[in-house]
Structure formats: C-alpha cells, structure tokens
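S.K.: predicted structure and sequence below. I'll ask about it afterward.
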Amino acid sequence: MSEATPAYPLCWPAGWRRTIAEQRERANFNKKVPQYRQVRGADGVMRPERSFDRATELSVSDATTRLLAELDRMGIDREDIVISTNIELRMDGLPKSNRRAPEDPGVAVYWRRGKDTRCMAIDRYVRVEDNLAAVAATLDAMRSIERHGGATILDRAFQGFVALPAPVAWWQILKLKGPDVTESEVVSAHRRLAMEHHPDRGGDAEQMANINRARDQGLEAL
C-alpha cells in the first residue's frame, strides 16, 4: 500500500462523515471461550469436559484476526492491507493489544485489489475492537450477496469504496511537512488554522472539528 496511508495514527478517508463522540455506542461483539469441568470417567480418571461457552469482549488481536480472515476470504493479500487506527503498531504493522484506549476509536481499513484501492471506515462504537469487528461483520454480510448469486450487485456495492479521495493524515490537515515534528509545531499549526477556520470568525464548523481532531492525533502520536 502507499506510504500516504499510515496504519498509525488513524488516517480517516477524506469525505467520510465522522460520528460525534457523544453518539457512539457500546457494541455486542464478543467471542466464545469454552469452559471446562473435571469429570470422572468410567475408568475412574478425572478428565476435562466442555460444559458451556462463556461470552467475553473481543481484544484488539481478536478483532484484527477476524477482520484479516474476512479479507483473506475475499482474496486480498496481507501486504495489500492497511488497518489504520490510533493504536500503536506491532512489529508486523498491526495494532497492538493491551494498550490504553485512544480518545478516537475510529478504524479505517484500506485494501488493494488489482489497480483499485478500496476502503471501509467505521467509528460508530466506543471501542477500537468493536469498530474492527464491525468492519469484519460488514464485509462478511457483503460477501453473502456474492454467495447467493449477486456477484454483480456486490461489485457495484464496492464501487463506492473505489473512487475515494486520497486519505488525509493529521499532519496534512495541519499543513505540516510530515509527522516528524515537535509538540510546539503542532500547537502552533493548530492555532494558526483556528484563527482562519473557527466558526466565530466565519469559518466552517466541520473543518474546525477536523483541525481539532488532527491536533489531538498529532499530540497523541508524539
């Protein structure tokens, strides 16, 4: 994938509407963990026997694995996938588990099929894990169209994920040269743009929100 699409911090696709923080929800995605009990067999030996499955919250690793499995079923190679979040990366470029939950839990997944780069972004839920799982669930639902003979419909549905504007990283929004900047440079760039775009000065509220979000992402990334 292009270096212009970073896996960290979150690179939200331009033109995609964001969910207001106060409107984000708790999700019901989970995994089943088998529970065992010791049962004495006819030979008198105690052995574990599966008794029931307990539902537990997904971890970042669980949700990432679920998402990659869906993309694999679509025939997408791992090197053609970027999972972009505000969670620091492992050595393999995927988000780490057991990290502090970021303020912005949004997820943007980019993948390449042939010459087309496609994307799906979700920030409906309060946890990164659940937004990852939501992307996986959405891809599974869309693939079911193909399984039922709707390949043409599926292809048309994915057209909406092809002709996307280039994703805009936080340093691009702040009009900085790149991510390797200081905290004072981020703050100064934000202050300069706020003077121009703040609604109290006749600016656009949505643009100001993007500038504020870029500042927060930049400071979190330093």
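M.R.: Okay, I see it. Remember, predicted model here, so these are calculated numbers, not experimental data.
S.K.: hey, which helix is longest across this structure?
M.R.: In the chain, with assignment by DSSP state H, the single longest helix is helix 128-147.
S.K.: point out the other helices and strands that that helix packs with.
M.R.: helix 60-73, strand 107-113, strand 116-122, helix 151-159 (3 or more Cβ pairs under 8 Å, 6 or more residues apart in numbering; DSSP states H and E). For every residue, glycine as well, the C-beta is placed using N, CA and C.
S.K.: tell me the spacing between the residue in the chain sticking out farthest from the centre and Ile20.
M.R.: For the chain, the largest distance from the centre (Cα atoms, centre = their mean) belongs to Asp43, which lies 51.7 Å off. According to Cβ to Cβ, to the nearest Å, Asp43 and Ile20 sit 62 Å apart.
S.K.: distance from the longest helix of the chain to the middle of the chain?
M.R.: 12 Å (Cα atoms, centre = their mean, to the nearest Å).
S.K.: let's see the pLDDT reported for Glu79.
M.R.: At Glu79, the predicted lDDT confidence score is 92.
S.K.: surely it is in a helix?
M.R.: Yes. Remark: Glu79 belongs to a helix, assigned using DSSP: H, G, I helix; E, B strand; the rest coil.
S.K.: and it, how many residues sit next to it?
M.R.: With neighbours defined by other Cβ atoms under 10 Å, the count for Glu79 comes to 9.
S.K.: what's the spacing between it and Gln172?
M.R.: Glu79 is 24 Å from Gln172, where distance means Cβ to Cβ.
S.K.: worst-scoring helix or strand of the protein, pLDDT-wise?
M.R.: Here the helix or strand of the chain ranked lowest by mean pLDDT, DSSP states H and E is helix 151-159, holding a mean of 60.
S.K.: the residue nearest the centre of the chain: what's it in contact with?
M.R.: Of all residues in the chain, the one closest to the mean position by Cα atoms, centre = their mean is Val107, 1.8 Å from it. Neighbouring residues of Val107 by Cβ atoms under 8 Å, 6 or more residues apart in numbering: 10, 83-85, 121-123, 128, 131-132, 134-135.
S.K.: can you do 6 Å?
M.R.: 85, 122, 131-132 (Cβ atoms under 6 Å, 6 or more residues apart in numbering).
S.K.: not counting its neighbours along the chain, what's nearest it?
M.R.: Counting by Cβ to Cβ, 6 or more residues apart in numbering, Val107 lies nearest to Asn131, which is 4.1 Å off, once chain neighbours are set aside.
S.K.: next, count neighbours for that neighbour.
M.R.: 27.
S.K.: repeat for Pro179
M.R.: By other Cβ under 10 Å, the residues close to Pro179 number 17.
S.K.: also Glu220?
M.R.: 17.
S.K.: which SS class is it?
M.R.: For Glu220, the secondary structure call by three-state DSSP comes out as helix.
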